[in-house]
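Engineer: Have a look; sequence and predicted model below, questions after that.
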Amino acid sequence: MTAANPNQTTDPAALREEITQTRQELAQTVQELAARVDVPARARATARRTAARMREAGGTGTPWLVVAASAAAVALITILIRRRRS
């Protein structure tokens, strides 16, 4: 048996409104969870944001900086892997 909640309304119109609000909140939560789980869509969104930042930077040399940083990261990872194997 469940105990009655003293704050609970018995008005049918208020109950319908509460149910509608709860459904909307649940739908929003499900959409947010689905967006978090959709890794390919998140990767595309990140790529779009990065591309937009690159376009905004224009000819400031930012792409070369990214290439240089990436090359340095690959070199560092390669060195670490080789040290670990030997």
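Structural biologist: It's in. These figures come from a predicted structure and were not determined experimentally.

Engineer: contacts and neighbour counts: CA atoms only from here.
Structural biologist: Will do.

Engineer: The longest helix anywhere in the chain packs against which elements?
Structural biologist: Longest helix in the chain by number of residues, with DSSP state H as the criterion: helix 12-37. Packing partners of helix 12-37 (3 or more C-alpha pairs under 8 Å, 6 or more residues apart in numbering; DSSP states H and E): helix 39-57.

Engineer: buried ones in the helix it packs on?
Structural biologist: Within helix 39-57, the residues scored as buried using 16 or more other C-alpha atoms under 10 Å are Met54.

Engineer: let's number from 11 now, not from 1
Structural biologist: Shifting the count to begin at 11 puts that one at helix 49-67.

Engineer: Alpha carbons only: can I get that helix in CSV?
Structural biologist: Provided in CSV are the C-alpha atoms of helix 49-67 (Å, rounded to 0.1, in the frame of the first residue of the first chain):
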residue,chain,number,x,y,z
VAL,A,49,29.6,9.8,-31.2
PRO,A,50,29.7,10.2,-35.0
ALA,A,51,27.4,13.2,-34.8
ARG,A,52,29.5,14.7,-32.0
ALA,A,53,32.7,14.2,-34.0
ARG,A,54,31.1,15.9,-37.1
ALA,A,55,30.0,18.8,-34.9
THR,A,56,33.5,19.2,-33.5
ALA,A,57,35.0,19.1,-37.0
ARG,A,58,32.5,21.8,-38.1
ARG,A,59,33.3,24.0,-35.2
THR,A,60,37.1,23.5,-35.8
ALA,A,61,36.7,24.3,-39.5
ALA,A,62,34.7,27.4,-38.7
ARG,A,63,37.4,28.6,-36.3
MET,A,64,40.0,27.9,-38.9
ARG,A,65,38.1,30.0,-41.5
GLU,A,66,37.7,32.8,-39.0
ALA,A,67,41.4,32.8,-38.3
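
Engineer: quick one: it to helix 22-47, angle?
Structural biologist: Computed by axes from the mean of the first three to the mean of the last three C-alpha atoms, to 10 degrees, the angle separating helix 49-67 from helix 22-47 equals 70 degrees.
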